[in-house]
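Asks: predicted model, plus sequence, below.
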Amino acid sequence: MAQVTLRPVPLLVVLSREALHMTQSQFAQAIGTSVRTLSRWEGGRSEPAELHYRRLAQLVHPVAEDLAREAAARGAVTPEQLGLVATPAAPAAAPEPSPARQAAVAPPASPSLPVQLLLDAVVCSVASALEKHDGAPVPRARARAAVAAAFASAHALRLEIAEVDAVLAPASREVEGSRAERAGVKPGAGPRKGPAAADRPRRR
């Protein structure tokens, strides 16, 4: 197993959760533990078991490969053993004297992550976005239903992901601007000042 520089456990757990944009409740459910136990990990009062480290590596690998390697190392495995990274191919044999007999060697296919694992990450991202928009916790069941409805509509309309992203990106910025206006803050505007001294009525 290659040598991997390990960070303190609390830092590894917190950085992984932040990379996934998950709340403590969402992260604890995804990794298979309780919020109380997760708080103890992040506070340095206890440490995850090897099973939890391996689950953490699978969760965080799509967004932070370095954190996934650390989690896998603490789980006594490698990313290759977890199926996250393709195993390096053996060196190709020397070519035959006759070029016509040389066989083309295809590159190994990258292993795909379980669809359920990827979908959980999407649902958690949707729940986090809804919580920021509504200002209140959002159940995962509601977020999952929203994702299912959105994918069904996109599939029925034959939309491509790139097309959806191009349309939603400006809309996201408009939503943030609308929230700022409702809070009484205008972009680039400083605090409201009272009338200038020259504009005040003079006493007679």
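Replies: Cool, got the structure.
Asks: any idea of the mean pLDDT in the helix or strand Arg55 falls within?
Replies: Using DSSP states H and E, Arg55 sits within helix 50-60. Averaging pLDDT along helix 50-60 gives 94.
Asks: what sits up against it?
Replies: Helix 50-60 has contacts (CB atoms under 8 Å, 6 or more residues apart in numbering) with 13, 16, 19-20, 30-33, 48, 67-69, 71-72, 74-77, 79, 82, 84, 113, 117, 120-121. Yep, even glycine has a C-beta here, placed from its N, CA and C like the rest.
Asks: low pLDDT regions in this protein?
Replies: 1-2, 87-113, 123, 164, 168-204 (pLDDT under 70).
Asks: helices along that one, start to end?
Replies: Assigned by DSSP state H, the helices in the chain fall at 9-19, 24-31, 35-42, 50-60, 65-74, 115-134, 140-156, 161-182.
Asks: quick check: angle from the fourth one to helix 35-42?
Replies: It refers to helix 50-60. 90 degrees (axes from the mean of the first three to the mean of the last three CA atoms, to 10 degrees).
Asks: export helix 50-60 to CSV, keeping only CA atoms.
Replies: Coordinates of each C-alpha in helix 50-60 appear next as CSV, following Å, rounded to 0.1, in the frame of the first residue of the first chain:
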residue,chain,number,x,y,z
GLU,A,50,-12.7,0.7,9.4
LEU,A,51,-16.1,0.1,7.9
HIS,A,52,-17.0,3.8,8.3
TYR,A,53,-13.7,4.9,6.8
ARG,A,54,-14.3,2.7,3.7
ARG,A,55,-17.8,4.1,3.3
LEU,A,56,-16.4,7.6,3.7
ALA,A,57,-13.9,6.9,1.0
GLN,A,58,-16.7,5.8,-1.4
LEU,A,59,-18.8,8.9,-0.6
VAL,A,60,-16.1,11.5,-1.0
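Asks: the chain - how does it break down into domains?
Replies: 9-74, 115-182 (automatic domain parsing).
Asks: could I get these as JSON lines with mean neighbour count and distance to Gln3?
Replies: Shown next, in JSON lines, are these (neighbours: other CB atoms under 10 Å; distance: least, CB to CB, whole Å):
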{"stretch": "domain 9-74", "mean neighbour count": "18", "distance to Gln3": "9"}
{"stretch": "domain 115-182", "mean neighbour count": "13", "distance to Gln3": "27"}
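Asks: run through who's touching stretch 10-21.
Replies: 6-7, 24, 27, 30, 38, 41-44, 48, 56, 59-60, 63-64, 67, 70-71, 74, 121, 124-125, 128.
Asks: who's in contact with the nearest residue to Met22 once chain neighbours are set aside?
Replies: Leaving aside its sequence neighbours, Met22 sits nearest to Cys124 (CB to CB, 6 or more residues apart in numbering; 5.0 Å). By CB under 8 Å, 6+ apart, the contact set of Cys124 is 20-22, 26, 30, 140, 143.
Asks: now Ser25
Replies: Contacts for Ser25 (CB under 8 Å, 6+ apart) come out as 35, 137.
Asks: list the contacts for Thr33?
Replies: 48, 52.
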